[in-house]
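# Just a sequence and a predicted model for now, questions to come.
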Amino acid sequence: QVQLVESGGKQVQAGGSLRLSCVVSGATFSNFHMGWFRQAPGKERERVAAIRNRGDTTWYSDSVKGRFTISRDNTKSTVYLQMNMLKPEDSGVYYCNAATLHGAPLEGVLGDWGQGTQVAVSS
């Protein structure tokens, strides 16, 4: 059974940094492009960043470009999101999932969405 387990979210002040992790089990992680997504209260889930299965190509939404960095370690079946210069509008629940190289989620490819990890940025 495939599982996606996100962690690393917490409350931080604007301008701060966080590193999120997502461990994938039950699937051959290196076969999949991966993405990070976030959902703020009352809003739809949006794409944030994506990374090719080999880790050599990345994509970012305009809202995070230059501040966030996506990376992966295929030996640990883990994808990371380094978030710097955080803003209050970055707050929300962050999820990982299989994705296209333009960041669109591939729902169902790696089972259900995980529980996500909460990020709260205070001004």
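Arrived safely.

# And the closest residue to T78 other than its chain neighbours, its phi and psi?
Among residues not flanking T78 along the chain, V23 sits closest, at 5.1 Å (CB to CB, 6 or more residues apart in numbering). C-beta here means a position set from N, CA and C on the backbone, and glycine is covered the same way. The phi and psi values for V23, taken as degrees, to the nearest 10, are phi -100, psi 130.

# Pull the contacting residues for V23.
4-5, 7, 76-78 (CB atoms under 8 Å, 6 or more residues apart in numbering).

# Reformat these as TSV; add neighbour count and secondary structure.
Output for those, formatted as TSV (neighbours: other CB atoms under 10 Å; DSSP: H, G, I helix; E, B strand; the rest coil):
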residue	neighbour count	secondary structure
L4	23	strand
V5	15	strand
S7	16	strand
K76	12	coil
S77	17	coil
T78	18	strand
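
# which one of those residues sits closest to D112?
Using CB to CB, L4 is the member of these that lies nearest D112, at 8.0 Å.

# just to revisit the earlier point, tell me the confidence at the residue nearest to T78?
On the pLDDT scale, V23 is placed at 98.

# For L86, state which of the contacts of V23 is nearest.
Out of the contacts of V23, the member with the shortest distance to L86 (by CB to CB) is S7, at 16.9 Å.

# Just give me the neighbour total for W36.
27 (other CB atoms under 10 Å).

# returning to what we had before: of all the contacts of V23, which comes closest to S122?
Sorting the contacts of V23 by distance to S122 puts S7 at the head of the list, at 20.4 Å, by CB to CB.
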